[in-house]
Each structure stands twice: as C-alpha cells, then as structure tokens.
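Asks: please find the sequence and the predicted model below.
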Amino acid sequence: MDEYIYGVARIRALEAQLFTDSDIDSLVEAEDYESALQFLRDKGWGDNNSDDTLANILKTENKKIKKILDDVIEDKKDREILMVDYDYHNLKAAMKRVYTSAPVDGDSIYLEGEIDSDKLEEIVTNSDFSLLPKDMADAAQEASDQFLKNGDVQMIDVIIDKALLERIKTIGEESDNDLIKDYADTKIGLVDIKIAIRASQSGKDSTFAKQAMTSCKMVGKDALANAVDGGFDAVCDYLESIGLKDIADAAKKSKSYFECVCDNKMIEKIKTQKYESFSIGPILAYALARENEIKTVNIILSGKLNGFDKDFIRERVRDMYE
C-alpha cells in the first residue's frame, strides 16, 4: 500500500517516543504516586497542566492515538480493527448509563471511538438502533430486549462482547493484511481462553462456554469448551497440549499475571511490524503499542495510589514495544 509510506515514516519517528522497558522500570521505582505522575509529565504526557489528574492524562493520551490515526489513515475501514473495540465498549457504556439509575460520569466511561458518544446515548434512549452499523445494531437490539425482559445488566456485556468478537473475526477474514488477520485471530483466541478459565472456576459448563466463545485458529473452540467440564486443571492441560504452556502456567499463578502474559503475547505478535515499510501494519502496531503503554502506566500508578509494593506492581507490568 504505497499510500501508507508517509504514514509509516511518521510512525517511525513517533516510535522513538514510546516507553522502553527501562522507562517502565523507572516508573515502577518512582518514590511515590506524585513522583510517578511527574515522571509522566516530564515525558510529555497530558497537556502540560501540572494539576492534571491521572484520568485526564490517560484520556489525553488516548486522544493523541486517535489524532494520529486520523492524520495518517484516510479510509476508516482500514483502521476498524482498532476502533471497533472502542465503539462496542462505548455502546455497552451508553446502554448501562441509559438503562440504569446509577450515576455515571460520561467523560470517564467513553473512549475515543468512531461513533460520537452523545449520538450513542441518543440512539439507545430512542431505541433507534437502525442508525448503527448492522452487526452492532443487531447486538444492541438483542441486548436491549434481554435487559428489558429480565433486568440483568450482565447480559448487555455478554451479548455485546460476543458481537464484538464476531465483528473482529469478520474483519480479520476479509483483510488482506497479515497483521490484521493474525491480530484478530489471536485476540479471539485469548478471549476464548479467558472464557474457558472463568467458566471452569465458576461452575459453568461446556454449553455455556461454547455459546460465549468465537471460533478461531489459535485454539479449538469445541475442545477448549469441552475441557471446561473437567474443571480448571483440564483447561490448563488442554492449553499445554496445544503449545500454550506459558498461558496455562500464568493462569495457575494469578489472575493478574495471566492477564499480563496474554497482553505480552499480543505485543510479541505485532513486533514483526518494526521491519515493514509499505503497509498499514506499522501504523496499526504503533497504535496497539500505545494502548499497551497507557494500560501499563495506569496499572503502575493505580498500584502506587493504592499503596501496593513494587514487586506486586512489577508482576502486572506489560512488555513494551521495543
């Protein structure tokens, strides 16, 4: 894709500003929460407001990702694999905000998606889901019907999350870009594994797991779901049998370490884009690397704010894109 030569050149310059593992270690070693916050400001995070909160700094950095994508990718379809997560997240947030009486700060629950959050709230309020893309509209209607029928907010998450994975699968299958294909399949596989582990630990059976999972190449959906009936150890045995012993071992250690290993698996996948120059791959990889960076910073500073020790925080730190 020759149209991305300029964009990739710009991304190469921006990659130099990404945090390294050394930077993250320095952040972990910061004396306290305020020192860590100042470290971020010194690195150019936020909008140069010395009174900015962590939440505002992270929101500003997410906006910067969107701005870069707006600048270097003209066709929104080319970046859908990145933005679809945000849009489906925002749909869930809008439905919960409209359907429940719990006070929610809209500025904090919405991410920088393609669909305006105010528009989403209006659509949900009026039940005018036809204004959404068809896949999203169908999921929203089903989630709405289920909530109005039984009042179970969790069903909104279940239905919208499944629809998101199906959309990601379609994007991957229809793309001619290897990174998008691999990213989509890996993301689905990791979510399927998380579903199986949670199901096996909470007394759910294989029928539930199959309904929640989405088929992919990374894992055998039916085999993984069937392992749920044998309990957590059976799920881990299956993961080991298909070469995912690192994930199984992480799951046995702790939930937080398991989440960390899963995220690191994704970062390892996208690092191949460091050697590409003529496709959209490096641009997408940079955006994913920034998301990973922001998530890691949030984990570290939240840990410091809550008084956790450095070893506890370090176990949750993700690998950087370097």
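Replies: Ah, there it is.
Asks: neighbours around the closest residue to Ile115 other than its chain neighbours, how many?
Replies: Spatial nearest neighbour of Ile115, chain neighbours left out: Asp87 (5.2 Å); criterion: Cβ to Cβ, 6 or more residues apart in numbering. Glycine gets a C-beta too; all of them are placed from N, C-alpha and C. Close neighbours of Asp87, defined as other Cβ atoms under 10 Å, add up to 20.
Asks: show me the contacts for Asp87.
Replies: Neighbour list for Asp87: Gly113, Glu114, Ile115, Met136 [criterion: Cβ atoms under 8 Å, 6 or more residues apart in numbering].
Asks: how about a cut-off of 10 Å?
Replies: Asp87 makes contact with Glu80, Leu111, Gly113, Glu114, Ile115, Ser117, Leu120, Leu132, Pro133, Met136, Leu164, Arg167, according to Cβ atoms under 10 Å, 6 or more residues apart in numbering.
Asks: three-state assignment of the residue most central in space within the chain?
Replies: Of all residues in the chain, the one closest to the mean position by Cα atoms, centre = their mean is Asp85, 6.7 Å from it. For Asp85, the assignment made with DSSP: H, G, I helix; E, B strand; the rest coil gives helix.
Asks: got the confidence number for it?
Replies: With respect to pLDDT, Asp85 has a value of 93.
Asks: can you check the one 10 residues further on too?
Replies: The pLDDT attached to Met95 in the predicted structure is 93.
Asks: ok, it to Asn298 distance?
Replies: As judged by Cβ to Cβ, to the nearest Å, Met95 and Asn298 stand 24 Å apart.
Asks: who's more crowded, the two?
Replies: Taking neighbours as other Cβ under 10 Å, Met95 and Asn298 compare with Met95 leading, 23 against 15.
Asks: dump the residue contacts of that one.
Replies: Taking Cβ under 10 Å, 6+ apart, one finds 120-121, 123-124, 140, 143-144, 147, 153, 156-157, 159-160 in contact with Met95.
Asks: ok, it to Ile195 distance?
Replies: From Met95 across to Ile195, the span is 21 Å (Cβ to Cβ).
Asks: cool, Glu114 as well?
Replies: Counting by Cβ to Cβ, the gap from Glu114 to Ile195 is 27 Å.
Asks: more crowded one of these two?
Replies: Neighbours were counted for Glu114 and for Ile195 using other Cβ under 10 Å; Ile195 has more, 25 against 16.
Asks: just the element for that one, please.
Replies: Using DSSP states H and E, Ile195 sits in helix 178-201.
Asks: which helices and strands sit right next to that helix?
Replies: In terms of contacts (3 or more Cβ pairs under 10 Å, 6 or more residues apart in numbering; DSSP states H and E), helix 178-201 is packed against helix 80-99, helix 154-174, helix 206-212, helix 221-228, helix 232-241, helix 245-253, helix 255-270, helix 281-305.
Asks: try it again with 8 Å
Replies: helix 80-99, helix 154-174, helix 206-212, helix 221-228, helix 232-241, helix 255-270, helix 281-305 (3 or more Cβ pairs under 8 Å, 6 or more residues apart in numbering; DSSP states H and E).
Asks: could you check the angle the fifth one makes with helix 178-201?
Replies: It refers to helix 232-241. 150 degrees (axes from the mean of the first three to the mean of the last three Cα atoms, to 10 degrees).
Asks: which elements pack onto helix 232-241?
Replies: Secondary-structure packing of helix 232-241 (3+ Cβ pairs under 8 Å, 6+ apart): helix 178-201, helix 221-228, helix 245-253.
Asks: measure how far it is from the centre of its chain, please.
Replies: With Cα atoms, centre = their mean, to the nearest Å as the basis, helix 232-241 stands 24 Å off its chain's centre.
Asks: low-confidence stretches in the stretch 201-322 of the chain?
Replies: Within the stretch 201-322 of the chain, no stretch has pLDDT under 70.
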